[in-house]
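Visitor: Generate a structure from the sequence data that follows.
(2 chains, ligands or ions: 2)
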Amino acid sequence: MSKTQDQVLGHGDECDGIEEYDNDLPAWWVGLFILTVVGGIGYAINYHFVSETSQLAQYQAEMAEAEAQWPAMDMTATVVVTEEMLAEGKDLYMTNCIGCHGPEMKGGIGPDLTDAEWVHGGTFNEIQNTISKGVPEKGMLSWEPILGPQKVQKVTAYVHAAGGGQ
Amino acid sequence: MSTETAHTPNYDDAVTKKFLIASVTWGAVGMLVGVICALQLAWWPANLNVPWLTFGRLRPLHTNAVIFAFTGNFIFAAMYYSMQRLLKTRMFNDVLSQVHFWGWQSIIVAAAITLPAGLSQSKEYAELIWPIDIAIAVIWVVMAVNFFGTIAIRKVKHLYVAIWFYMSMVITIAVLHIVNSLVLPASATVSYPVFSGITDALVQWWYGHNAVGFLLTTPILGLMYYFVPKTAGRPVYSYRLSILHFWGLVFLYIWAGPHHILYSSLPDWAQTTGVVFSVMLLAPSWGGMLNGLLTLRGAWDKLRTDPLLKFWVVAITFYGMSTFEGPMMSIRAVNALSHFTDWTIGHVHSGALGWVGMAAFATFYYMVPKLWNNQLYSVKAATLHFWLATIGIVLYVMAMWTAGITQGLMWRELDADGQLQYPNFMDTVLQLIPLYWIRLVGGTMYLVGLLVMAWNLVKTASGVAPKDGPEQVTAAPESLPTPAK
Ligand code: HEM
Ligand code: HEM
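Guide: Residues are numbered from 1 along each chain as shown, chains lettered A, B, ... in the order given. Ligands and ions are numbered 1, 2, ... in the order given. Model prediction:
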């Protein structure tokens, strides 16, 4: 600590009576400043030139990781329907489909799902395809982007079983 | 103080008084609109189904009113008051001062009419339509001429640190405003920006961030350097530190804008520039906090009795807090969570209510007794204001942090199948409603505090005898240490 600590500079009469000390900069503050400057430059060099990251690369890495953890489903493969699937499928039906197809699947805005007539085909795969892609021209949404393939499969299982699919 | 009384007759304090009254008045209006916005977010029917009362129109009215009317007039009042005393001269030209005052208020009135009417340029903090933008540029230049004219005719050689900070505002805001408002008018109310796409976005946030930097930060640091040593009767802690953090701030701030558009179509290298300069802003910002707080060394005992010092301590502490939070939010990984959430709103208001607002209140409590030559009417009411405001800020900011982090985490939550856990946006919004009510309570407390202050200041100005006894709120410095030489 130098001897200038807590000594006023003495130009108070030029500053409406405000005096100023000329104290040393706090050492930790100088350290912090240097740290952020060096750290910031280091970060930039690392980001662009060492690990050669970019937001596109970050996005691709995250997608690849997700692809590995949740591989794309083969929607044409035969599905073994379990009790669990049916229960979850029922819940999904009750929250998402009931508005148009009714609580008893007797139809309303959309067609009856319990009769023998299937406008877009009544096999498991055909029903699944209708739910996935929707029927936009008649106002039915494409559900795969909203529910994801797993849930589409579950609700298909429920509709196929409860509605009497072929 | 003796130096003050000797020169008081020369100073144009009439214009200072006008700016001060305008600031308190617009502050009450702007924050009332803020409270209404907060209510609408918790309970939308509060828009009463009237188009001009809807959130989309009231929100820009709130931001423009609190930034340009409340903060703007506050800065001008403090600047006219302190620079005349620091430079030992009356303002350069009284007509310019009057044009500045009335011009600025007309701009505010024009804003208060056009924004609810739905006329907007759709650039945040630069919503006003092009004819008003031209008026702002003209009035700003009038102020600048008056400002530099006053420096030119000053009676002292030394330019005190407060003046450097004011100067950085006068120059930088002019440049930012003019460049960001470059448009091609299509009619009296419609225009198209000359920049397009991401260039336009970058210019907008270069403006936006530095509006924060050179309107809500540097001028207030400048007036802190005047009012804190005056209020505490203590010398400024370190001249050296003030030079260093001043140049650090003005050099670094200008580059930090891209932190508002991280993970956008802005090229990666430009985003990195914004990140790096924002992180480097931490130390220069904290330099201001340190110089403010360390100036109060030796005055801590006055803190118990003097509400002015209480306001300053909270203001400076919130400045330190929000300038720590800001650099953190500029880091890509943190911003990926905080962006688009109420975390940003919390950050904004810890700076706006904590730093800007509390500094304004301390300054008003200092200036009004001096300007009207009376003692503060009620120290108790000022202390009540202090607690209302402080608790209000804490409620506001805590509610917004919680809301922001909650919603940010909900957006990225995946279920066992790798699908979004909350694909329905509304599910994440409904979670926040209770927090919005808490924010409303905090904001209302802050507004009530402001009204208590307004009442107290009116009483003071009209010369009603002080309620809490004759003692002075702010003691003049009893004895200053003698110069080194
Ligand atoms: C009574 C006090 C206040 C209340 C209740 C309040 C309330 C609000 C509300 C509800 C919003 C909109 C948030 C959203 O869109 O989600 C907002 C935005 C904003 N307020 Fe305030 N406010 C207050 C005081 C202030 C003050 C004093 C300032 C500045 C000096 C300020 C500056 C801003 C800014 C800059 C925004 C825009 C933030 C952004 O876009 O990120 N507010 N305020
Ligand atoms: C070192 C200082 C600071 C840095 C690096 C910083 C950084 C940031 C960052 C990263 C954001 C969020 C951008 C986004 O995700 O959209 C932000 C928003 C904001 N900050 Fe700060 N901040 C600092 C200090 C302050 C202070 C002191 C204030 C107020 C007095 C303030 C006012 C605002 C406002 C108004 C916004 C909202 C902008 C919008 O409308 O989106 N900041 N800041």
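
Visitor: So which other helices or strands are in contact with the longest helix seen in chain B?
Guide: In chain B, taking DSSP state H as the definition, the longest helix is helix B:379-412. Packing partners of helix B:379-412 (3 or more CB pairs under 8 Å, 6 or more residues apart in numbering or on different chains; DSSP states H and E): helix B:307-330, helix B:332-338, helix B:342-349, helix B:358-371, helix B:425-430, helix B:433-461. No exception for glycine: its C-beta is placed from N, CA and C like everyone else's.

Visitor: Mind doing that once more with 10 Å?
Guide: Helices and strands touching helix B:379-412, by 3 or more CB pairs under 10 Å, 6 or more residues apart in numbering or on different chains; DSSP states H and E, are helix B:13-42, helix B:307-330, helix B:332-338, helix B:342-349, helix B:358-371, helix B:425-430, helix B:433-461.

Visitor: mind checking which of the ones you listed is nearest B:H62?
Guide: helix B:13-42 (4.4 Å; CB to CB).

Visitor: That closest one and ligand 2 in contact?
Guide: No - Helix B:13-42 lies apart from ligand 2 when judged by CB under 6 Å from any ligand atom; the minimum separation is 12.8 Å.

Visitor: what about the closest residue to chain B within chain A, which SS state?
Guide: Per CB to the nearest CB, A:G10 is where chain A lies closest to chain B, at 3.0 Å. Put simply, A:G10 is coil when judged by DSSP: H, G, I helix; E, B strand; the rest coil.

Visitor: was I right about it contacting B:Y239?
Guide: No - look at A:G10 against B:Y239 with CB atoms under 10 Å: they stay out of range, at 11.0 Å.

Visitor: okay, and the common contacts of the two?
Guide: Taking CB atoms under 10 Å, 6 or more residues apart in numbering or on different chains as the contact rule, the neighbours common to A:G10 and B:Y239 are A:19-20.

Visitor: and A:E20, what are its phi and psi?
Guide: phi -130, psi 130 (degrees, to the nearest 10).

Visitor: Tell me the residues of the stretch 351-485 of chain B that contact ligand 1?
Guide: Checking the stretch 351-485 of chain B against ligand 1 by CB under 6 Å from any ligand atom, the hits are B:352-353, B:356-357, B:443, B:446-447.

Visitor: lowest-pLDDT helix or strand in chain A?
Guide: Within chain A, confidence by mean pLDDT, DSSP states H and E is lowest for helix A:144-147 among all helices and strands, at a mean of 86.

Visitor: Show me what that one is packed up against.
Guide: So helix A:144-147, by 3+ CB pairs under 10 Å, 6+ apart, packs with helix A:83-96, helix A:124-133, helix A:149-163.

Visitor: Is any residue of the shortest one near chain B?
Guide: No - contact between helix A:124-133 and chain B, assessed by CB under 10 Å from any CB of the partner chain, is absent, since the two come no nearer than 13.8 Å.

Visitor: And for the last one?
Guide: Yes - taking CB under 10 Å from any CB as the criterion, helix A:149-163 and chain B are in contact, through A:149-151, A:153-154.

Visitor: Is it possible to mark the buried ones in those?
Guide: By neighbour count, with 16 or more other CB atoms under 10 Å in any protein chain shown, the residues of helix A:149-163 next to chain B hold A:149-151, A:153-154 as buried.

Visitor: Is it possible to get a markdown table of those that adds distance to ligand 2 and pLDDT?
Guide: Below are these laid out as a markdown table (distance: CB to the nearest ligand atom, whole Å; pLDDT from 0 to 100):
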| residue | distance to ligand 2 | pLDDT |
| --- | --- | --- |
| A:P149 | 33 | 87 |
| A:Q150 | 33 | 87 |
| A:K151 | 32 | 89 |
| A:Q153 | 38 | 92 |
| A:K154 | 37 | 93 |
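
Visitor: Of those, which is the nearest to B:V203?
Guide: Of those, the one sitting nearest to B:V203 (CB to CB) turns out to be A:P149, at 43.2 Å.

Visitor: Number of residues surrounding residue 144?
Guide: No chain was given, so I picked chain A. Using other CB atoms under 10 Å in any protein chain shown, A:E144 has 17 neighbouring residues.

Visitor: Chain B was what I was after
Guide: 17.

Visitor: Now do it against chain A, distance only.
Guide: Distance, B:A144 to chain A, using CB to the nearest CB, to the nearest Å: 23 Å.
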